[in-house]
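Q: Kindly generate the corresponding structure for this input.
(one chain, ligands or ions: 1)
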Amino acid sequence: MIVRTLQQTGQTARRVEAETWNSVRMLLKSDAVGFSFHITTIYANTTTDMHYKNHFEAVYCIGGSGEIEVQATGEVFPVTPGTLYVLNKHDAHQLRAHTELQLACVFNPPLHGTETHDASGAYPLEATAIAE
Ligand code: 9YT
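A: Numbers count the residues shown, from 1 in each chain. Here you go, the predicted structure:
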């Protein structure tokens, strides 16, 4: 069994920083359960463009308030505590945080650990595992 806390995991290399967010990757490919699980904080008053061409992602909002736009259709959905959105079609999307957002995110296939967005907002399929 794997048992970890956000507090402890956040003090390791599993905490990854980007311009508009940080993410504590509590489960990674190296944990060998077939998905990765992250607690992501999106900073207030930011806009993040993402397009996970190589992954499926499920995102559950724990706290904060924002909205998500599906680039292909222009549809906009509120993101508030209790909302789940799933990028089941590798949808290009823009996440706008009105306040700081706390999100629980699951990726399939699992991330290796060091991924940050490329210019198109994607993560590569292969990446370097974090050193632990
Ligand atoms: C919602 C979202 O995808 N934010 C970007 C960070 C990502 N969740 C990650 O790498 O943990």
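
Q: Please report how far the most far-flung residue of the chain relative to its centre lies from the ligand.
A: Farthest-out residue of the chain from its mean C-alpha position, per C-alpha atoms, centre = their mean: M1, at 23.7 Å. Distance of M1 to the ligand, computed by C-beta to the nearest ligand atom, to the nearest Å: 23 Å. Every residue, glycine included, has its C-beta placed from N, CA and C.

Q: mind checking pLDDT for that residue?
A: Per-residue confidence at M1 stands at 97 (pLDDT).

Q: Which residues are in contact with the most centrally placed residue in the chain?
A: The residue lying closest to the centre of the chain (C-alpha atoms, centre = their mean) is C105, at 5.0 Å. C105 makes contact with S23, F37, H38, I39, T40, E57, A58, V59, Y60, according to C-beta atoms under 8 Å, 6 or more residues apart in numbering.
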